[in-house]
Structure formats: C-alpha cells, structure tokens
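Asks: 3D model of this:
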Amino acid sequence: MIARTLTVGACLLLGLALGACSFAPKYERPGQDIPAAWRTVDAGTEPLTAKWWERFNDPVLNAMVEEALRNNQDLAESLAKIASARAQQGQARSALFPMITGEADATSNSTSERAPNLTSYYNEKNPMRRTTTSYQGVIGGSWELDLWGKYRNQYTALTDMLLATSAGHAGNRLLVAGQTAQGYFTLRALDMQLATARRTLKSREDSFVIYTTRYKQGDITELDWLRAKSEVETARAQVHTSTVGVDAAEAELAVLLGRSPREIMTGAMERGREIENLPSPPLLPAGLPSELLFRRPDIRAAEYQLMAYNANIGTARANFFPSISLTGALGTMSSSVGWLFSGRAGMWNYGVQGSVPLLDFGRTWYQVKDAEAQKQGAIAIYNKTVQSAFQDIRTSLTKQREADFIVNSYKTQVDALSRALELARLQYDNGYTDYLTVLDAERQLFTVEMQLATALSDRLNAIVSVCMALGGGWEDPEVAGPVSDTAASEAAAR
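Replies: This next block holds a predicted model:
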C-alpha cells in the first residue's frame, strides 16, 4: 500500500513538474528599421564564399590564413571559452534531474560509565557495555521540483550563452582571417615602397657621381651639387624607414600566425605575388537583402546574449514562489557486518520539504529589477551592434567602389611624372632649365610612387573590409568546435 501511494504521488509530482510554468517574458527580436536592399553598387557575377581570401589567388596568403586559423592564440582562448560555456550548460542541465547520493560508514563509540542518568542504572550486577559499533549503507536522493521554471530558465540562459560564445568564436575567426589578409597586403605594400626607395637611392647615387665630376670640372654650381647630395640622403633615410616598417609588419604577422618566440625573432616571412599583380575581386552584386547582415557573428552573439538575459528574468521571478523538494533514502544499518544485508537491517525514509520567502526586505524584488535592467542593456548592445554593422557595410562598399579610381589616378600620375622627369633631365643636360626643376620632378615622382603602393594595399583591404562586414561572405563562416545540434535546435525553437 505504501509503495503504491509513493508511486502515485511521484507520478503526480513528476507530471506537475513537467507541466510547470515559466515566468520568463516571451522573447521577441527588437524591431529594426532596416533597408530592404543595399544601395546600388556595380554588380559582380560571382558570390562570395566563406573562404573569401582564396579569391586573391595567392597561395602564400591562403597558407597564412589557414595557419592563423589553426594556431592563433586568441582563437585558442575563445575555444577554451566555448568549452567552459558548454560545461556550465551541462551543470544547469543536471539541476533539472534528481540528485542521487550513496553513503557508507562504520562507526565505533565508547560511552562513559559516569555519564548523567546512567550511573545509578549500571553497577557490578548490570555492567555497562561501553563500546558499540555500527555499520550503515544508504542510497539517498533529493529533487527540487522546478514548478516555476527557475532551473529550466537557468538552462535556457546558459544554452544561449553557449551559442553566443560560439558565435563570438566565429567572429574571432573572421577577425583573425581579416587581420592576416590585411597584414599581408600591408607587408607587400611596404615591400613595394622599400623597393621603390632602394631603386630611387641607386638612381640618385649614380646621378650624384656624375654631378660630383661635373662640379669638380666647374660645369655646375656648388648649390646644385649640395641639392643632389641632399636628395641622396633623403632616399637613404626612406630606405631605412621602409625597412623598419617591413620588419614591424613581419613581426605582427608572425604573432597573428601563432608562431613561436624563436620564429618571431629569427624567422622570415614568405612572400607570394607582388601587390601590383594581386587581383582585385569583383564587387558585390547590387540589391543584396539586408537580412544577410544578420548572419554576422557579432549580431548573432548579441542576440543570443539578449535571449539569455530574457531567460534570467524568469529565474529571478521564480524566487518569489515556494520551493518544494522531494527527499528519500533507502539502506541498511547493523551492529555487525554479517547482519548488514539481513531483512531486519533495512531502513528507509521519504519526505517532502517546502520553503517560501516571507520577508527578505526586497532582495528578490531587486534581483528581478536587476535582471530586467540587464535585459534592457542587452537590447541597447544588440541595437548598437546592428547599427555598427550597417555602418561597416556602407563605408566598406564606398571604399571598395572608390579604391579602384584612386589606384588608377596614381598610376596615371606615375606615368606622367616619369615622362616629366625624363624631359627635365634632358633639358637640364642641355642647359635649358635649372637643376631645381629636375629635383622637383624627382620628388614628385618618388612621392606618388610611394602613395601608389599604399593605394594598392588600400584597394585590397577594402575588399577584406566588405567580406568582414558581411560576416565572411554569403555563407556562415566555419566554426571550430560547434555547439550540439540539440542546443542549436532549442535556441532556434525559442
């Protein structure tokens, strides 16, 4: 009869627990006034993919990005955060089920013959048994019924935080890939500037030898000779400046790639295609739907965090209501190991415990208000993240569109100034102009050549910025250590 009563009661309580309510607000994505499509841009024909860096057709760049995605320490840290978030989610899930414990002990006690209320009872005719030994084995359990959704909301919140952490890792992968590509393009631009400075230095040194001979012969003035000498040193200083820039870019890339301190100090960075020979991928097609932006990892992470804070409100509200727990134990107890498993040694107990907050001086109320305030903060972060995403795509599309014109303008200037320098030298050699005209032509050409290298890098970096603004292209970036399908489906269902 007792067993039947226990079974029926347990079934009723289990049904009550499974059908329990939740005080978390219904989640709704914050409304956003977003455009239906991008502003019109020149159309391309090929879609971007997750591995957008392969479009530059540089095997060295491809290898660098893959190496960075494998070895970068920031990514290693974010992977560890995913493991930690998954463990916290597991802890929250375990709280939904009963806690089963096992206990065994053997104790021996000795009692004083002079203890109060015992002295008159024990005497020589009725000697006291001072030492007793007992053995006990018990399996016990306890289960707090989640009638108000407290633990289910905790599990929901930590599941959302796990998803947010995974999305954050995807964002870190995108950032590392973008930084690696941009660092490589910067390095190749600095290589071009260094080569330009060395070529200019060599040309000016050769010219200075001729000018020195002509100065000694009295064909040119000392002023022209001193100007030529100054221009040689200007080019030499630029060579050293560009060398510093190249070395710094190599060291920065080595850290991004996760290389060892020895490799950072002594390793050489491999080069691929020259920056002027790297292809510029086609522009994105016009009219892409704005919903593509919501694939960005940072937007997904911000929304998952908002969902987690929404669930935390239900956890805080549940503290206003009674807490009910089921407890029970089943075991044996005997003064002898041999009797421990006999029928008469059996023991059991069960019960129901309940508690309700009566007076906490506003502690629970303030916990609810804190949870609601945190949700409002998460909404603001989400809105700001979406706004920043559209800012990124707007500015990156404009840079991408205009970068080509800037590069072409500098190329035209280089061609024009190269011809102007030839004419200036020819006129100077024949006495039709002064040396200052030659120096001005050389300075202008040198400056524009250095600017062209920067413009080429900016054009490639603009493509990278567009890919990063889109969250890696039209497809979601690959995520190392994905969350479980169960967790993902639960979040999607919510």
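
Asks: Alpha carbons of the helix or strand containing Asn109, as CSV, please.
Replies: Asn109 belongs to strand 99-110 when assigned by DSSP states H and E. Listed next in CSV are the C-alpha coordinates belonging to strand 99-110 (Å, rounded to 0.1, in the frame of the first residue of the first chain):
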residue,chain,number,x,y,z
MET,A,99,20.5,14.2,-7.1
ILE,A,100,21.3,10.6,-6.1
THR,A,101,24.0,10.0,-3.5
GLY,A,102,25.5,6.9,-1.9
GLU,A,103,26.9,6.7,1.6
ALA,A,104,28.6,4.0,3.7
ASP,A,105,30.1,4.3,7.1
ALA,A,106,31.3,2.3,10.0
THR,A,107,31.5,3.9,13.5
SER,A,108,32.5,2.8,16.9
ASN,A,109,31.6,4.7,20.1
SER,A,110,32.7,4.4,23.8
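
Asks: just checking, what packs against it?
Replies: Applying 3 or more Cβ pairs under 8 Å, 6 or more residues apart in numbering; DSSP states H and E, one finds that strand 99-110 contacts strand 131-145. Where C-beta positions appear, they are placed from N, C-alpha and C, glycine not excepted.

Asks: Show residues contacting the strand it packs on.
Replies: Outside strand 131-145, the residues that touch it by Cβ atoms under 8 Å, 6 or more residues apart in numbering are 13, 16-17, 20, 97-111, 151, 323-337, 340, 347.

Asks: and if you look at stretch 359-375?
Replies: With contacts defined as Cβ under 8 Å, 6+ apart, stretch 359-375 is touched by 306, 309-310, 312-313, 315-317, 319-320, 357.

Asks: So which residues of the stretch 251-400 of the chain form strands?
Replies: 323-334, 346-355 (DSSP state E, counting those that start in this stretch).

Asks: Save these as TSV, and put in mean neighbour count too.
Replies: Formatted as TSV, the strands of the stretch 251-400 of the chain follow (neighbours: other Cβ atoms under 10 Å):
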stretch	mean neighbour count
strand 323-334	17
strand 346-355	12
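
Asks: Tabulate the ones you listed in CSV, adding columns for distance to Leu147 and mean pLDDT.
Replies: Formatted as CSV, the strands of the stretch 251-400 of the chain follow (distance: least, Cβ to Cβ, whole Å; pLDDT from 0 to 100):
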stretch, distance to Leu147, mean pLDDT
strand 323-334, 6, 81
strand 346-355, 11, 83
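
Asks: residue ranges for the helices of the stretch 1-150 of the chain, please.
Replies: For the stretch 1-150 of the chain, the helices defined by DSSP state H, counting those that start in this stretch cover 2-18, 59-71, 73-94, 150-216.

Asks: Which of these has the highest mean neighbour count?
Replies: Across the helices of the stretch 1-150 of the chain, averaging neighbours per residue (mean count of other Cβ atoms under 10 Å) puts helix 150-216 on top, at a mean of 21.

Asks: okay, the helices of the stretch 1-150 of the chain in JSON lines with distance to Arg295 and mean pLDDT next?
Replies: Compiled in JSON lines, the helices of the stretch 1-150 of the chain are given as follows (distance: least, Cβ to Cβ, whole Å; pLDDT from 0 to 100):
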{"stretch": "helix 2-18", "distance to Arg295": "36", "mean pLDDT": "48"}
{"stretch": "helix 59-71", "distance to Arg295": "19", "mean pLDDT": "93"}
{"stretch": "helix 73-94", "distance to Arg295": "19", "mean pLDDT": "92"}
{"stretch": "helix 150-216", "distance to Arg295": "10", "mean pLDDT": "91"}
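
Asks: Identify whichever of those helices lies nearest to Val407.
Replies: Closest approach to Val407 among the helices of the stretch 1-150 of the chain is made by helix 150-216 (11.7 Å; Cβ to Cβ).

Asks: what helices or strands is the closest one leaning on?
Replies: Checking 3+ Cβ pairs under 8 Å, 6+ apart, helix 150-216 ends up next to helix 59-71, helix 73-94, helix 222-256, helix 297-318, helix 435-469, helix 485-493.

Asks: Ok, which of those helices comes nearest Glu276?
Replies: Comparing those against Glu276 with Cβ to Cβ, the closest turns out to be helix 435-469 (6.0 Å).

Asks: list the buried ones in that closest one?
Replies: 435, 437-439, 441-442, 445-446, 448-469 (16 or more other Cβ atoms under 10 Å).

Asks: shouldn't Ile379 be in contact with Gly31?
Replies: No. Assessed by Cβ atoms under 8 Å, Ile379 is found out of contact with Gly31, at 10.5 Å.

Asks: The two: which is more packed in?
Replies: Each of Ile379 and Gly31 has its neighbours counted (other Cβ atoms under 10 Å); Ile379 has more, 16 against 7.

Asks: Please report how far Thr266 lies from Ser409.
Replies: Distance of Thr266 to Ser409, given as Cβ to Cβ, to the nearest Å: 41 Å.

Asks: closest to Thr398 out of the strands of the stretch 251-400 of the chain?
Replies: Among the strands of the stretch 251-400 of the chain, strand 323-334 comes nearest to Thr398, with 58.1 Å by Cβ to Cβ.

Asks: The closest one pairs with which strands, parallel or anti?
Replies: Take DSSP bridges as the rule and strand 323-334 pairs in its sheet with strand 131-145 (antiparallel), strand 346-355 (antiparallel).

Asks: Distance to Thr364 added to these, as JSON lines?
Replies: As requested, these are exported to JSON lines (distance: least, Cβ to Cβ, whole Å):
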{"stretch": "strand 131-145", "distance to Thr364": "17"}
{"stretch": "strand 346-355", "distance to Thr364": "13"}
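
Asks: Out of those strands, flag the one nearest Ala254.
Replies: Ala254 sits nearest to strand 131-145 of all the strands paired with strand 323-334, at 53.4 Å, using Cβ to Cβ.

Asks: buried ones in that closest one?
Replies: For strand 131-145, a neighbour-count test (16+ other Cβ under 10 Å) marks 135-138, 140, 143-145 as buried.

Asks: Taking strand 99-110 as reference, get the angle to that strand.
Replies: In terms of direction (axes from the mean of the first three to the mean of the last three Cα atoms, to 10 degrees), strand 131-145 departs from strand 99-110 by 160 degrees.

Asks: Let me see the mean pLDDT of strand 131-145.
Replies: The pLDDT scores in strand 131-145 average 81.

Asks: Kindly report the same for stretch 448-466.
Replies: In this model, stretch 448-466 has a mean pLDDT of 91.

Asks: With stretch 251-262 instead?
Replies: What stretch 251-262 shows for mean pLDDT is 92.

Asks: Same question for stretch 365-381.
Replies: pLDDT averaged over stretch 365-381 gives 91.

Asks: buried stuff in it?
Replies: 367-368, 371-372, 374-375, 378-379, 381.

Asks: Same question for stretch 215-234.
Replies: For stretch 215-234, by 16+ other Cβ under 10 Å, it's 215, 220, 224-225, 227-228, 231-232, 234.

Asks: Could you give the separation of it from the chain centroid?
Replies: 58 Å (Cα atoms, centre = their mean, to the nearest Å).
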